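**Student:** Dropping the sequence and predicted coords here.
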Amino acid sequence: MTRCSDAARARGDQLAGTATRMPTWLILEHAGSWGQDAWRDARLPDGLGSEIVRRCEAANVRPLLARRPVPPGGHQPVDAEHRPRAWIARSSVTAAWLATTVLDDPRDLLDLEVSTLATTAPRGWELTDEPFFGVCTHGRHDACCAIRGRPVAAALAAAEPDATWEVSHIGGDRFAANLLVLPEGLYYGGLDPATVVTVAATHRRHGVDLEHLRGRSTWSMPVQAALIALRRHLGDIALTEPSNVRAERTEHGWEITANSGGQRWAIDVTRQAPPAVPLTCSARAPGIPWRHTASEPRVVSRPRRDERA
């Protein structure tokens, strides 16, 4: 059997423009087994996982589980007295933030007003400037996430022991190993134990790694593809995104405009549908590995003074 990540690499599936669109995240530390559906199958207090998922889906918040990486062949320690940590991240381009706290009981999450997480951190949660590096290792969801993800998580944990976590399914299993960087919502794919350390070091220097960047979860996939194309055109690896981004539908796709380098740029994006293939190792039916192709960026004007932020 050919694993989905091996097949995607052999096909040359495009990384740019494949990040799951999600503005807000709720993460709970849980060291136990996750199961295929992490929150509902994990050994959480009765009904907690399903209720948190229900509330998050209603508020457009992505719930994840997290645990510390363990060396290959090791096992997750389970301590019944351990107080779990939790995080909330807002991946806004203009005001990204990450807040964390330690819970007395996972059921304390039920006290959250999930619908307000898009605007402010809950009272009593600590805002932090430290990044959250989450490597998807959710093997019960897709074997590639464990096979490729766990060695990557272990390597990153050796370099970034405090900031590195294994996380449950984040999307794009065929791009394993996948890394989610919060609060910015940056997705990286196709990583190995060496490249993940480079990506994290680049982030620490307030930069992005364009070779492995899938996109930023704030944006739709066409916008992600356009902004990565613009960055590559300009050699722009700064963590700060191009500003005043706009997307308009056209006859053949989208026109994306953005300010960068003192000029306003336009990029045309089209979407292609390659032949359907199994997109995950457990896929019951083929799916389309959509590809968003960005044109060469072109200057359309100099931005107005009030657009130059």
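**Tutor:** Right, received. Where do you want to start?
**Student:** can you pull the buried residues of stretch 261-273?
**Tutor:** With burial defined by 16 or more other C-beta atoms under 10 Å, the residues of stretch 261-273 counted as buried are 263-269, 271. C-beta: built from backbone N, CA, C; applies to glycine.
**Student:** For that stretch, report the contacting residues that lie outside it.
**Tutor:** With contact meaning C-beta atoms under 8 Å, 6 or more residues apart in numbering, stretch 261-273 is reached by 17, 222-223, 225-226, 229-230, 234, 236, 242, 244, 250, 252-259, 288, 290-295, 297-303, 307-308.
**Student:** pLDDT weak spots in this structure?
**Tutor:** 71-80, 304-309 (pLDDT under 70).
**Student:** Swap in 80 and give it another go.
**Tutor:** Across the chain, the ranges flagged by pLDDT under 80 are 1, 71-81, 302-309.
**Student:** Got the domain ranges for it?
**Tutor:** As assigned by automatic domain parsing, the chain contains the domains 4-215, 220-307.
**Student:** Which of those domains has the highest mean neighbour count?
**Tutor:** The highest average neighbour count among these, using mean count of other C-beta atoms under 10 Å, belongs to domain 4-215 at a mean of 19.
**Student:** Please compute how far the longest strand anywhere in the chain lies from its chain's middle.
**Tutor:** Longest strand in the chain, counting residues (DSSP state E): strand 263-272. How far strand 263-272 lies from its chain's middle: 23 Å, per C-alpha atoms, centre = their mean, to the nearest Å.
**Student:** try stretch 39-56
**Tutor:** 21 Å.
**Student:** hmm, who's touching that stretch?
**Tutor:** 26, 28, 30, 32-35, 38, 61-63, 65, 105-107, 109-110, 114-115, 140, 168.
**Student:** for Ala66, what are its contacts?
**Tutor:** So Ala66 contacts 27-30, 85, 87, 134, 165-168 (C-beta under 8 Å, 6+ apart).
**Student:** Let me know the helix or strand that it is in.
**Tutor:** strand 61-67 (DSSP states H and E).
**Student:** Name the next helix or strand following that strand along the chain.
**Tutor:** strand 85-90.
**Student:** then that next one to PDB, C-alphas only?
**Tutor:** Extracted C-alpha coordinates of strand 85-90, given in PDB (Å, rounded to 0.1, in the frame of the first residue of the first chain):
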ATOM      1  CA  ARG A  85      -2.800  23.300  30.100                       C
ATOM      2  CA  ALA A  86      -5.100  25.000  27.600                       C
ATOM      3  CA  TRP A  87      -4.600  27.600  24.900                       C
ATOM      4  CA  ILE A  88      -6.700  30.000  22.900                       C
ATOM      5  CA  ALA A  89      -5.200  31.500  19.700                       C
ATOM      6  CA  ARG A  90      -6.600  34.200  17.500                       C
END
